[in-house]
Every structure is written in C-alpha cells, then in structure tokens.
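Asker: take this sequence and fold it.
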Amino acid sequence: MPSFPLVSIVIPAFNCQETLEATLKSLSAQTYPNVEIVCVNDGSTDRTGDVLDAALAEMPNLHIVETQNQGAYMARETGIRHATGSFIGFCDSDDTMEATMVERMMERALSDHADMVVTAFRSIHPDGSESTSMDGFPLPPLAANEDSGWLCVINTALWNKLFSKELIEKRTVLSEPPRVMEDALFLFSLFP
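Answerer: Now for the predicted structure:
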C-alpha cells in the first residue's frame with residue numbers, strides 16, 4: 001500500500017458563519033486520503049464557532065484553534081504552527097475546493113519533487129457568471145531562479161497553491177503582520 005504524505009490545509013476564519021460550512025464540506029470531500037484541516041477561529045463574534053463545533057462532530061481530521069482577532073496573516077501563521085503535514089495548503093473561509101484538488105496537486109508535487117504546486121482556478125461571481133484563471137499556465141515543472149521569469153504569471157493568492165513544509169519553514173516571517181495584501185506578502189516571503 002503506497003504511503004500518502006499528510007497534507008495540512010490551513011483556514012483563517014473570521015466572522016464567516018455564512019460561508020464556512022460549504023468550505024469545510026468541500027475539504028471533507030477531498031479524494032486525497034491523508035488531509036488534516038487546521039481552522040483558526042480568529043476572534044469571530046458571529047456563529048463561526050458554532051459552525052466549527054458542528055463540523056467537528058463530522059470531521060475527525062478537523063483541528064480548531066481559537067485566537068483573539070489578529071488578522072488573516074497571523075491566523076495563517078498560527079495555523080502553520082499547528083499543522084503537522086509534510087505539505088501545507090491554504091483555503092479562505094469563503095472558498096471551496098474541487099474534490100480532486102489536493103490529490104492532483106500532490107501527484108505533481110511528488111512526481112516532480114516540487115516545493116510549490118500551483119493550479120488554475122474558477123471564480124464564481126455574485127451574478128452567477130464564472131471565469132477561469134491560469135488555465136493556460138504551462139504544465140512542465142518550472143525552476144525558481146532569477147532567469148525563469150515565472151513569477152510574473154503566478155497570481156498572489158495562497159488558496160490555489162500547495163507548499164512543502166520545508167519551504168514554508170524557510171520563509172521570512174514578518175515581525176509586523178499586514179492587514180491588507182497579506183496573501184501576496186506571504187507568497188513573496190517564500191521566493192528568496
């Protein structure tokens with residue numbers, strides 16, 4: 001039987017009672033067999049905690065961390081400290097993942113010995129229309145060096161990427177966390 005490295009998915013959650021249940025359901029439906037979900041309740045004042053408590057009964061792989069509100073950047077940092085996986089991904093509390101997303105990304109991470117895997121994504125707009133992004137991104141592995149030029153074509157969101165824990169541990173941690181553009185700043189901290 002093949003070994004499946006543990007993948008930790010970190011969710012920063014703040015006042016997301018309306019969307020969190022769908023997010024958690026999409027994560028519990030993942031076809032990859034070894035996923036832990038670390039949800040950081042970042043000082044929510046709505047029913048986010050109730051949604052998490054209800055989900056805990058159905059999801060033995062869900063770990064809830066309670067913090068005072070510090071913003072998404074610090075919630076992710078807290079989640080990383082609690083994550084035990086060999087690979088770490090992120091999901092915002094209003095996002096959902098296709099059921100095969102983690103499985104397909106891990107296939108690439110393992111076959112290519114990659115520290116970061118990026119996938120295309122679909123946005124569903126408030127009017128019900130849809131659009132895709134990065135669906136024309138090249139399939140072969142790309143080297144992360146100053147000559148490759150690949151940085152200019154990768155979006156700065158974290159929720160369509162999977163990182164090796166080794167890469168995450170080498171990142172630059174900001175002493176004063178941002179409250180805006182936190183995805184981009186986190187991603188840029190990995191590139192050096």
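
Asker: C-alpha from now on. contacts and neighbour counts both.
Answerer: Noted.

Asker: residues of the helix or strand that contains Phe186 that come out buried?
Answerer: Assessed by DSSP states H and E, Phe186 sits inside helix 182-190. Within helix 182-190, the residues that count as buried by 16 or more other C-alpha atoms under 10 Å are 182-183, 185-187, 190.

Asker: do the same with stretch 15-35
Answerer: Across stretch 15-35, burial judged by 16+ other C-alpha under 10 Å covers 15-17, 19-25, 27-28, 30, 32, 34-35.

Asker: among the residues you listed, name the ones in strands.
Answerer: Val35 (DSSP state E).

Asker: so Met97 sits right up against Ser26, yeah?
Answerer: Yes. Counting by C-alpha atoms under 8 Å, Met97 does reach Ser26; the two are 5.5 Å apart.

Asker: which ones are touching Glu166?
Answerer: 86, 115 (C-alpha atoms under 8 Å, 6 or more residues apart in numbering).

Asker: secondary structure element for it?
Answerer: helix 165-170.

Asker: starting at the chain centroid, how far to that helix?
Answerer: 14 Å (C-alpha atoms, centre = their mean, to the nearest Å).

Asker: try stretch 10-25
Answerer: 12 Å.

Asker: isn't Asp46 up against Glu18?
Answerer: No. Look at Asp46 against Glu18 with C-alpha under 8 Å: they stay out of range, at 9.7 Å.

Asker: so which residues of the protein form helices?
Answerer: For the chain, the helices defined by DSSP state H cover 20-28, 48-58, 72-82, 101-112, 165-170, 182-190.

Asker: buried residues in the second one?
Answerer: So the one you mean is helix 48-58. Here helix 48-58 shows 48-49, 51-52, 55 as buried, counting by 16+ other C-alpha under 10 Å.
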